[in-house]
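S.K.: mind looking at a prediction? Sequence and model below.
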Amino acid sequence: MNTNQLSPAESKFLSGPRSRLNELFFTFRVMFSFIKAFRKMHFLGPCVTVFGSARFEPGNSYYKQAEKVGAALAQMGFTVMTGGGPGIMEAANKGAYETGGYSVGCNIILPFEQKPNPYLHKWINIRYFFVRKFLLVKYSYAFVVMPGGMGTLDELFESITLIQTKMIQDFPVVIFGSEYHKELYQHIQIMAEKESIDKEDMKLLFITDSVDEMKNHIQAHSIKKFKLVRKQQKASRWFGERS
């Protein structure tokens, strides 16, 4: 690898352990990121997070499906949360936004400057992927996985792992697009057959191509199960909050 081609941030990351002072400053930056995000996102919810590729353009069939998914979730009373960027994320936010629902995003700061999409009522720019992933899980009572790439699969399996290990409650995980995810689901079945996961873990996934089936599944396994009611919380002057 030619290190002359690396950015300063990449060079720092690959240089290994840094001084104690640098590590301390890094810890403070991470802590500040969490506190800033908690204050910004405190009055949201209940949310459903929609995962999916940033690469699909408007007019693409997956983009159109994501619009319908976002609209349906908003009509159910959920705040629609995404990674805040283009593609599937934009489409889900757009569906919620144009339906009159509430739409939010956790936008990652990247070297090529991913910008928040225009269909967000509220968003936060986040420097660290692990902070962003935490937030996308923290406020959600269901997860919808649309067609995507490596990042989408990472988010899917992290959510499933947190549910499987009881780190979060067994919120419904809907994989949207049976044909796109066919080989993925087959591989998960192989895991169950080879006993690298429990066969019961297969029940954590619900695969569909139908918005109505998605709604019914989330209605039964999120809204009814967790008795969700949208509550209007009041901002506190004591904490300097703004609703």
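M.R.: Everything's here; your move. Note that the coordinates shown come from a computational prediction; the quantities given were computed from them, not determined experimentally.
S.K.: where in the chain is pLDDT low?
M.R.: Residue ranges of the chain with pLDDT under 70: 1-14, 111-113, 229-243.
S.K.: all strands of this structure, in order?
M.R.: 47-51, 79-82, 103-108, 122-126, 140-145, 173-176, 205-208 (DSSP state E).
S.K.: which among the ones you listed is found nearest to Gln189?
M.R.: Nearest of the strands of the chain to Gln189, taken as Cβ to Cβ: strand 205-208 at 10.2 Å. In short, each C-beta sits where N, CA and C put it, glycine included.
S.K.: for that closest one, which strands pair with it and how are they oriented?
M.R.: Sheet partners assigned to strand 205-208 using DSSP bridges are listed as strand 173-176 (parallel).
S.K.: max-length helix in this protein?
M.R.: Longest helix in the chain, counting residues (DSSP state H): helix 20-41.
S.K.: ok now it, how far from the chain's centre?
M.R.: The chain centroid and the centroid of helix 20-41 are separated by 20 Å, computed with Cα atoms, centre = their mean, to the nearest Å.
S.K.: excluding covalently adjacent residues, which one is nearest to Ile218?
M.R.: Spatial nearest neighbour of Ile218, excluding adjacent residues (Cβ to Cβ, 6 or more residues apart in numbering): Ala142 at 4.8 Å.
S.K.: verify the stated contact: the one you found with Phe171.
M.R.: Yes - shown here, Ala142 and Phe171 form a contact pair, counting by Cβ atoms under 8 Å, at 5.4 Å.
S.K.: which one of the two is surrounded by more residues?
M.R.: A count of neighbours by other Cβ atoms under 10 Å puts Ala142 above the other of Ala142 and Phe171, at 27 against 21.
S.K.: okay, and the common contacts of Ala142 and Phe171?
M.R.: Common contacts of Ala142 and Phe171, defined by Cβ atoms under 8 Å, 6 or more residues apart in numbering, comprise His221, Ser222.
S.K.: tell me how far the residue nearest to Ile218 lies from Ala66.
M.R.: Ala142 is 15 Å from Ala66, where distance means Cβ to Cβ, to the nearest Å.
S.K.: Tyr139 now?
M.R.: Remark: distance between Tyr139 and Ala66 (Cβ to Cβ) = 19 Å.
S.K.: more neighbours, these two?
M.R.: More neighbours surround Ala66 than the other of Tyr139 and Ala66, with 29 against 21 (other Cβ under 10 Å).
S.K.: contacts only, for the closest residue to that one other than its chain neighbours.
M.R.: Nearest non-adjacent residue to Ala66, counting by Cβ to Cβ, 6+ apart: Ala91, 3.6 Å away. Applying Cβ under 8 Å, 6+ apart, we find Ala91 in contact with Gly52, Phe56, Pro58, Tyr62, Tyr63, Lys64, Gln65, Ala66, Glu67, Gly70.
S.K.: now do Ala54
M.R.: With contacts defined as Cβ under 8 Å, 6+ apart, Ala54 is in contact with Gly83, Gly85, Pro86, Gly87, Ile88, Met89, Gln114.
S.K.: phi and psi next, for it.
M.R.: phi -90, psi 0 (degrees, to the nearest 10).
S.K.: any idea how far it is from Cys106?
M.R.: Distance from Ala54 to Cys106, counting by Cβ to Cβ: 13 Å.
S.K.: need the overlap of contacts for the two.
M.R.: Listed as contacting both Ala54 and Cys106 by Cβ under 8 Å, 6+ apart are Gly83.
S.K.: could you pull out the helices for this protein?
M.R.: Here the chain has its helices, by DSSP H, at 8-14, 20-41, 61-75, 88-99, 129-138, 150-164, 182-193, 211-218.
S.K.: can those helices go into CSV with extra columns for distance to Pro118?
M.R.: Output for these, formatted as CSV (distance: least, Cβ to Cβ, whole Å):
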stretch, distance to Pro118
helix 8-14, 28
helix 20-41, 19
helix 61-75, 14
helix 88-99, 8
helix 129-138, 20
helix 150-164, 21
helix 182-193, 31
helix 211-218, 23
